[in-house]
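1. My questions concern the predicted model and sequence given below.
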Amino acid sequence: MPSKFWRGAVAYTANGRSYTVEAVEDGTVYCTADSGAETEFAESAMLTEAEWAARASKHSLQVYDRLKQSRLYAAPAAKLDRAAAVALLAKIERLTPGILDFAAFSIAARILEESGEAELAARLSIAKCRAVFEGASAETRASLLAAILGTPAEMLVNAARLGDNLMRALVEKGLAARAEEFEAFGDRPRS
């Protein structure tokens, strides 16, 4: 039976390490690592680029499902008025565009870090993180945003009833410690 690998192809191990195929003989794939080290694997233990991409795509979808099930999205940390939370989220997005995307992405990265999968954060889709965020109740989203800003949720929700300048001041104060991170986040593609 012909091999699914050929000389010069890229082969992946189950843990995602890639190797360049040098030869395939009797069910053994002889490879070279990027460092130049030579190694060999059973052909059945290796994945082609297409197989690896399909597996990564499936795993990616599972990541967002796990985010939805996180304890952070389970329920709000504080009892908040739903209408006031909705008003807060709308106002804060109007005054500081991108802050809810930043919050959604930061929360997802925190969840992955807590589960020991911090390396996956670099590949997260901002749009998919935002979809997970938007799937939570307004009260939960307001609580999570308040935590990112380091402000008690009740105070932040109540401040939404006041003027724009107070809200801007609360956001600026809350983001002060993460200003560089927020600014760098603005340059990320929104895929």
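-> Okay, I see it.

2. how does this structure divide up, domain by domain?
-> The record's domain parsing of the chain by automatic domain parsing lists 10-47, 56-185.

3. and the longest helix anywhere in the chain, what does it pack onto?
-> Looking only at the chain and at elements set by DSSP state H, the helix with the highest residue count is helix 49-68. When contacts are defined as 3 or more C-beta pairs under 8 Å, 6 or more residues apart in numbering; DSSP states H and E, helix 49-68 packs onto strand 10-12, helix 99-114, helix 126-134. No exception for glycine: its C-beta is placed from N, CA and C like everyone else's.

4. That one - what's its average pLDDT?
-> What helix 49-68 shows for mean pLDDT is 75.

5. Which positions within the least confident helix or strand in the chain by mean pLDDT qualify as buried?
-> Least confident element among the helices and strands of the chain, by mean pLDDT, DSSP states H and E: helix 49-68 (a mean of 75). By neighbour count on 16 or more other C-beta atoms under 10 Å, the buried set for helix 49-68 is 52, 63, 64, 66, 67.

6. Pull the residues that contact the longest strand anywhere in the chain.
-> The strand that spans the most residues within the chain, counting by DSSP state E, is strand 18-25. The contact list for strand 18-25 (C-beta atoms under 8 Å, 6 or more residues apart in numbering) reads 3, 5-13, 29-34, 38-39, 41, 43.

7. and the residues you listed, which are buried?
-> The buried subset of those - by 16+ other C-beta under 10 Å - is 3, 5, 9, 11, 12, 29, 30, 31, 41, 43.

8. now, which of those sits nearest residue 113?
-> Lowest distance from residue 113 to the buried ones among the contacts of strand 18-25 (C-beta to C-beta) belongs to residue 12, with 24.8 Å.

9. now the buried residues of helix 49-68 as CSV including distance to residue 98?
-> Shown next, in CSV, are those (distance: C-beta to C-beta, whole Å):
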residue, distance to residue 98
52, 33
63, 22
64, 20
66, 25
67, 19
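
10. Looking at those residues, point me to the pair that's furthest apart.
-> Using C-beta to C-beta, the pair of the buried residues of helix 49-68 lying farthest apart is 52 and 67, separated by 22.6 Å.

11. pLDDT weak spots in this structure?
-> 1, 56-61, 76-77, 189-191 (pLDDT under 70).

12. got the angle for the longest strand of the chain vs helix 49-68?
-> 140 degrees (axes from the mean of the first three to the mean of the last three C-alpha atoms, to 10 degrees).

13. which residues are contacting the following helix or strand past strand 18-25?
-> Remark: after strand 18-25, the chain's next helix or strand is strand 28-32, criterion DSSP states H and E. Contacts with strand 28-32, where a contact means C-beta under 8 Å, 6+ apart, come from 3, 5, 11, 19-24, 38-43, 46.
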